[in-house]
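Q: pasting the sequence and the predicted model now:
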Amino acid sequence: MKKKEQAVILSQEKIGSDVYSMWLKVTFAKECRPGQFISLYSKDGSRVLPRPISLCEIDREKGTLRLVYRTVGAGTNEFAKLTQGDTIEVMGPLGNGFPLEEAAGRKVFLMGGGIGIPPMLQTAKELQAEKQIIAGYRDELFLTEEMKANGTLYIATEDGSAGTTGNVLDAIRENALEADVIFACGPTPMLRAIKAYAQEKNIPCWISMEEKMACGIGACLACVCQSKEVDDHSHVHNKRICKDGPVFLASEVEL
Amino acid sequence: MNTKVNIAGVELKNPVMTASGTFGSGEEYSEFVDLSKLGAVVTKGVANVPWSGNPTPRIAETYGGMINAIGLQNPGIEVFCKRDIPFLRQHDTRIIVNVCGHAEEEYLAVVERLAEEDIDMMEINISCPNVNANFLAFGQDPKKVEELTAKIKKAAKQPVIMKLTPNVTDITEIAKAAEAGGADAVSLINTLTGMKIDINRRTFAVANKTGGMSGPAVKPVAVRMVYQVAQAIKLPIIGMGGIATWEDAIEFILAGATAVSVGTANFYNPYATVEIAEGIEAYMKKNKVEDLRELIGAVR
C-alpha cells in the first residue's frame, strides 16, 4: 500500500561534491524492496512536482530508508539543506524493484552508473548470489566501502582516476568478467550499451529506467517508455516507468 | 446543510470533481481517496481507438505549475467501456467521460458508443493544445464549436459538457457558441499553451516543444474566465485551473462555477480532492451557509 506522509530526517551527510546521503524515518520501510523509489516533495509551493529518488538502503527493523542523491536543481538543493529532525513529505514505496528471484544463486553483474549506483547497494545486500558490482563514475567515488562489503567491486572512472578508465563495460572487458544475469541502473546511453552487451551474450538483463514524473503512481502517463509488447494500461506500446517499472527486462523496452 | 449541486439534471453530492487527464479513471487514486466522497470523477480523455500520445519528455515543471504534452494517450473506447466504467460504477460517484478526437467523426464515434453505457455525463475536449493545430482550431472557432456541439448533442444520450480552451481572445464567444449549439454545461479552463526551454540541453523541455500549462500559477486567469463566462451564458459552469485548496474552490464557486475540478494538485497531493470537499463543508458551517447554491456566482 502506497503512503504519502511526513518523513523525519535522521541524518544528512555530504558524500561527494554534489552527492548527499540522507536517512529517513518512514512508516512503510517494511514494504520496500530494492530497486523501488520514493517521491520527495518540495516545501516551496513554486515547485509542484515530486522528485523521484531510488532507495539506496532499507532498514526494515528500524523503519528507515537511505537515499543517496545528486543535487541537480532547486528541488534537490532544497533537500540537501535539510538536517536531522527536519521533516519532508514523501510518497512510497513506488515502482516494482529488481526481481531478486531471477538472480538468486547465480553469477550476477550489478551495474550502476553515476547516481544509478545507489539502488545497487540494497540490491547487493539482499541478493544471495555471486555478486560482481560494477560501478561507473565520472571522477569522484562514493559508496565504495558499502559496496565492497556486499560483493566484489569493480570500478570504472571516465577520467581514469580510479579503476578502469572508461565505463562499466570497459571494466567488464578489462577484468574479463562474466555473468548469467544483469541488473543495471544508470543513464540511458549506458543502459543502451548494457542491453546490447546482454543481447550479444544472450543473458537476461533487467534495467532501471528514469523519466520526468508527475503523479508517480501510473495515472498521468508522463513517464512512459516504449515497450515491445502492447501495454496493459493504454493498449499501445507505452509502459509506465513509475508503475510498470522502473525495472524492465531490457529486451522488452526500446531505448 | 446542502452541498449538492445539479448540472443538467444530474445531481452531484458535492461540487468536487477531478480534472480530466490528472486522475486516470480513478483506479490509481483509489489507494489514497474514497472515490465515493467525490461529486464526480471526470476520466482521462478517451478516443475511438487507442492513442499512443507524444514522445517523452512529456512534462516539465514551471514556476508554481507545470507544462504537459502527454498527447492524450488512451486505450480507446472499447477497452475503456469494458474496464474503466465498471470500475467507476463500484463507487458512489458520478461518472463523466471525457471524449477526445482529431475530427468530427471520431468524436461522434465515441459519443455514439457511449450511448448504451452506464455513465452520467460526457465532457467533450475541444481544447487540448497538444495534438495538432487543426484539432485545437475546433475549440478556437465559435462557428465550429456551435456546429460540433449540435452534432454531438444529436448523437448523445447523456448530458454534454463542452470543455473550453483559454487560448482565445474572448472565451465568452466560444461559451456562447457552445450554448447556441445546445450544450448542457461548459467546463473551463483547459491548459494555457506554454513553452519551456532547457538552457543546459539547449532544447525544448518537452518533446512536443509546446505544452499545456497548469497548476496554481494559472488560477487567476481561470477565475477571471469563469467569471466572464458566468456573466455571458446561462449554462452551468464547471470551473478549474490551479485549484489546490478548498479556498481556491470557493473562489471559483463565488465567481460563478457550479462545480469545480481538481487537476495538477492531485500530482502533489493525492488527497486534494477529498480535502477540498471537506474544506468546503467546513467553510459553509463556519459561515452559516445553508445551501452551497447560495455561493454560486455570488460575487458579481
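A: Good, I have the coordinates.

Q: which parts of chain A sit against chain B?
A: A:1-2, A:4, A:41, A:45-50, A:91, A:211-225, A:233-238, A:243 (C-beta under 8 Å from any C-beta of the partner chain). Where C-beta positions appear, they are placed from N, C-alpha and C, glycine not excepted.

Q: only whichever of the residues you listed are buried, select them in ChimeraX.
A: Buried members of those, defined by 16 or more other C-beta atoms under 10 Å in any protein chain shown, are picked up in ChimeraX with:
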select /A:2,4,41,47,48,49,50,91,211,212,213,214,215,216,217,218,219,220,221,222,223,224,225,233,234,235,236,237,238,243
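
Q: could you tell me which of the residues of chain A next to chain B belong to strands?
A: Applying DSSP state E to these, the entries found in strands are A:4, A:41, A:91, A:224, A:225, A:238.

Q: excluding chain neighbours, what is closest to the first one?
A: Taking C-beta to C-beta, 6 or more residues apart in numbering or on different chains, and ignoring the residues beside it in sequence, residue A:4 has residue A:91 as its nearest neighbour in space, at 4.2 Å.

Q: that neighbour touches residue A:52, doesn't it?
A: No: Residue A:91 lies out of contact with residue A:52 (C-beta atoms under 8 Å); the separation is 9.4 Å.

Q: can you list residues touching both of these two?
A: Listed contacts common to residue A:91 and residue A:52 are A:38, A:39, A:216; contacts here mean C-beta atoms under 8 Å, 6 or more residues apart in numbering or on different chains.

Q: give the contact list for the residue nearest to residue A:4.
A: A:2, A:3, A:4, A:5, A:38, A:39, A:41, A:50, A:216, A:217, B:270.

Q: isn't the third one up against residue A:89?
A: Looking back up the chat, that one is residue A:4. Yes: using C-beta under 8 Å, residue A:4 is in contact with residue A:89, at 6.8 Å.

Q: circling back: distance to residue A:108 and pLDDT added to the contacts of residue A:91, as CSV?
A: Below are these laid out as CSV (distance: C-beta to C-beta, whole Å; pLDDT from 0 to 100):
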residue, distance to residue A:108, pLDDT
A:2, 29, 93
A:3, 31, 93
A:4, 34, 96
A:5, 34, 96
A:38, 25, 98
A:39, 28, 98
A:41, 34, 97
A:50, 31, 96
A:216, 28, 97
A:217, 30, 97
B:270, 36, 97
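
Q: could you dump those residues into JSON lines with distance to residue B:253 added?
A: Compiled in JSON lines, those are given as follows (distance: C-beta to C-beta, whole Å):
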{"residue": "A:2", "distance to residue B:253": "31"}
{"residue": "A:3", "distance to residue B:253": "31"}
{"residue": "A:4", "distance to residue B:253": "27"}
{"residue": "A:5", "distance to residue B:253": "31"}
{"residue": "A:38", "distance to residue B:253": "35"}
{"residue": "A:39", "distance to residue B:253": "31"}
{"residue": "A:41", "distance to residue B:253": "27"}
{"residue": "A:50", "distance to residue B:253": "29"}
{"residue": "A:216", "distance to residue B:253": "30"}
{"residue": "A:217", "distance to residue B:253": "29"}
{"residue": "B:270", "distance to residue B:253": "23"}
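
Q: ok, and the closest non-adjacent residue to residue A:208?
A: Leaving aside its sequence neighbours, residue A:208 sits nearest to residue A:185 (C-beta to C-beta, 6+ apart; 3.9 Å).

Q: the one you found - how many residues pack around it?
A: Using other C-beta atoms under 10 Å in any protein chain shown, residue A:185 has 29 neighbouring residues.

Q: phi first, then psi, for it.
A: Main-chain dihedrals, residue A:185, degrees, to the nearest 10: phi -150, psi 130.

Q: give me the beta-bridge partners of it?
A: On the basis of DSSP bridges, residue A:185 is bridged to residue A:112, residue A:208.

Q: and chain A, is stretch B:198-215 touching that?
A: Yes: shown here: stretch B:198-215 in contact with chain A (C-beta under 8 Å from any C-beta) through residue B:215.

Q: ditto for stretch B:68-86
A: Yes: for stretch B:68-86, a contact with chain A is found by C-beta under 8 Å from any C-beta, at B:68, B:70, B:73, B:74, B:75, B:76, B:79.

Q: ok now that stretch, how far from the chain's centre?
A: In terms of C-alpha atoms, centre = their mean, to the nearest Å, the centre of stretch B:68-86 is set 15 Å apart from its chain centre.

Q: and if you look at stretch B:239-259?
A: So, by C-alpha atoms, centre = their mean, the centroid of stretch B:239-259 is 13 Å from its chain's centroid.

Q: end to end on that stretch, go ahead and measure it.
A: Start and end residues of stretch B:239-259 are separated by 6 Å (C-alpha to C-alpha, to the nearest Å).

Q: so which bits of that stretch are buried?
A: B:239-246, B:248-259.

Q: out of those, name the ones that lie in helices.
A: B:246, B:248, B:249, B:250, B:251, B:252, B:253, B:254, B:255 (DSSP state H).

Q: kindly state the pLDDT recorded for residue A:1?
A: The model reports residue A:1 with a pLDDT of 85.

Q: how about the contacts made by it?
A: A:28, A:31, B:31.

Q: who touches the residue of chain A found nearest chain B in this structure?
A: With C-beta to the nearest C-beta, the shortest gap between chain A and chain B falls at residue A:219, namely 3.8 Å. When contacts are counted by C-beta under 8 Å, 6+ apart, residue A:219 is found next to B:22, B:23, B:24, B:28, B:29, B:44, B:266.

Q: and the pLDDT at it?
A: pLDDT at residue A:219 comes out at 97.

Q: look up how far residue B:144 lies from it.
A: 31 Å (C-beta to C-beta, to the nearest Å).

Q: residue B:299 too?
A: Distance from residue B:299 to residue B:144, by C-beta to C-beta: 32 Å.

Q: out of those two, which sits in the busier spot?
A: A side-by-side neighbour count of residue B:299 and residue B:144, using other C-beta under 10 Å, places residue B:144 first with 17 against 12.

Q: I figured the more buried one hits residue B:127, correct?
A: No: using C-beta under 8 Å, residue B:144 is not in contact with residue B:127, being 11.9 Å away.

Q: next, show the common contact partners of the two.
A: Here residue B:144 and residue B:127 have residue B:138 as joint contacts, going by C-beta under 8 Å, 6+ apart.

Q: returning to that earlier point: ok, so of the contacts of residue A:91, who is nearest residue B:6?
A: residue B:270 (28.1 Å; C-beta to C-beta).

Q: excluding its backbone neighbours, what's nearest that closest one?
A: That would be residue B:32: by C-beta to C-beta, 6+ apart, it lies 3.9 Å from residue B:270.

Q: can you pull the contacts of that neighbour?
A: Contacts of residue B:32 by C-beta under 8 Å, 6+ apart are A:2, A:4, B:270, B:271.

Q: 10 Å instead, please
A: A:1-4, A:91, A:217, B:266, B:269-274 (C-beta atoms under 10 Å, 6 or more residues apart in numbering or on different chains).

Q: what about those, which are in helices?
A: B:266, B:272, B:273, B:274.

Q: show me where the stretch 51-200 of chain B has helices.
A: B:77-79, B:85-89, B:104-114, B:133-140, B:142-155, B:171-180 (DSSP state H, counting those that start in this stretch).

Q: can you give me the helices for the stretch 1-150 of chain A?
A: So, for the stretch 1-150 of chain A - with DSSP H, counting those that start in this stretch - the helices run A:74-80, A:119-126, A:144-148.

Q: check which element follows the shortest one along the chain.
A: Translated: helix A:144-148. strand A:152-157 (DSSP states H and E).

Q: what is the neighbour count of residue 146?
A: Using chain A here. 21.

Q: my question was about chain B, not that one.
A: 20.
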